[in-house]
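Visitor: take this sequence and fold it.
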Amino acid sequence: MEIDFVQNAKKIEEISKFLEGLNSKEILDILHFLRIQFADHYREFSKENFSKYEEKLEILPHRGGVYIIFMVDYVGDVILYFGKTSGKSKTSGLWFRVKDHTKLLGKTPLTVFIPNWWIKRVYSIPLEDKDKTKKVEEALWMFLEHNASEILFYSLMELEEKIFGILHTFGLSKEMAMMIELQPQLTPRIPFRLKRPPAGEPRFLKHVR
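Guide: Below you'll find the model as predicted:
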């Protein structure tokens, strides 16, 4: 099913114009009210959608490393999320973290704001060296910090080349990564902007700003 991102953007603009006439508390009250009103439907839709690609995530390694989540939002822009895990326990393993991040209304900050039906692709890069893993994750977040909303991209391939160019400086290659395409039909608009996730970024970035 082809997504009409232009029409989606118009709907967002109409809603934004309505909200401009309200004060900040009224806006928050309305959004929170809608979240509660549609919570059951939201949760059921999320569960139904997740079940479609749950089996695909089973092939992820139960090891430490870095993962990258590509998301396409409602207006066709790309949101990136990076994470690192040790892989030493059920709640910190790379497989668990990726799976948990794809559950709507989960325990992590990302899942509170990002519905799982926006997730297009996941990359898993196994790494045993903790210090190297931390440096790789920080480098990826810094790339996002310097490029979000500033540069237009004309394909996911172009964006991936930049990301794996960063990984290459750490001796990592695209061949070392495991890629899972969750929703092949979810294609960003052209050109698209790169966006930060609304929550879930590491603390060190907040000190950099």
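
Visitor: what about the helices in the protein?
Guide: Assigned helices in the chain, in chain order: 5-20, 24-37, 39-53, 94-101, 109-113, 130-147, 156-168, 203-208 (criterion: DSSP state H).

Visitor: show me where the protein dips below the pLDDT cut-off.
Guide: Within the chain, the stretches with pLDDT under 70 are 1, 88-93, 100-112, 200-209.

Visitor: next one: the closest residue to residue 189 other than its chain neighbours from residue 178, what distance?
Guide: Distance criterion CB to CB, 6 or more residues apart in numbering; nearest residue to residue 189, sequence neighbours excluded, is residue 76 at 3.1 Å. All C-beta atoms are positioned from the backbone trio N, CA, C, and that covers glycine. In this view, residue 76 and residue 178 are 26 Å apart by CB to CB, to the nearest Å.

Visitor: cool, and residue 114?
Guide: 21 Å.

Visitor: these two: which is more packed in?
Guide: Using other CB atoms under 10 Å as the criterion, residue 114 and residue 178 rank with residue 114 on top: 23 against 15.

Visitor: my read: the more buried one touches residue 74, true?
Guide: No: look at residue 114 against residue 74 with CB atoms under 8 Å: they stay out of range, at 11.0 Å.

Visitor: which ones are touching residue 133?
Guide: Applying CB atoms under 8 Å, 6 or more residues apart in numbering to residue 133 gives the contacts 64-66, 84, 127.

Visitor: how about those, which pair is most distant?
Guide: Comparing every pair within the contacts of residue 133 by CB to CB identifies 64 and 66 as the most remote, at 8.8 Å.

Visitor: intersection of neighbour lists for those two?
Guide: Common neighbours of residue 64 and residue 66 (CB under 8 Å, 6+ apart) are 84, 127, 133.

Visitor: ramachandran angles for residue 183?
Guide: The phi/psi pair for residue 183 (degrees, to the nearest 10) reads phi -140, psi 90.

Visitor: likewise residue 191?
Guide: According to degrees, to the nearest 10, residue 191 has phi -80, psi 160.

Visitor: the closest residue to it other than its chain neighbours - how many residues pack around it?
Guide: Nearest non-adjacent residue to residue 191, counting by CB to CB, 6+ apart: residue 152, 3.9 Å away. Number of residues near residue 152 (other CB under 10 Å) recorded here: 12.

Visitor: which residues does residue 152 contact?
Guide: Applying CB under 8 Å, 6+ apart, we find residue 152 in contact with 191-193.

Visitor: nearest to residue 138 among these?
Guide: residue 193 (22.7 Å).

Visitor: any idea how far the residue nearest to that closest one when sequence neighbours are not counted lies from residue 52?
Guide: Distance criterion CB to CB, 6+ apart; nearest residue to residue 193, sequence neighbours excluded, is residue 77 at 4.6 Å. Distance from residue 77 to residue 52, counting by CB to CB: 23 Å.
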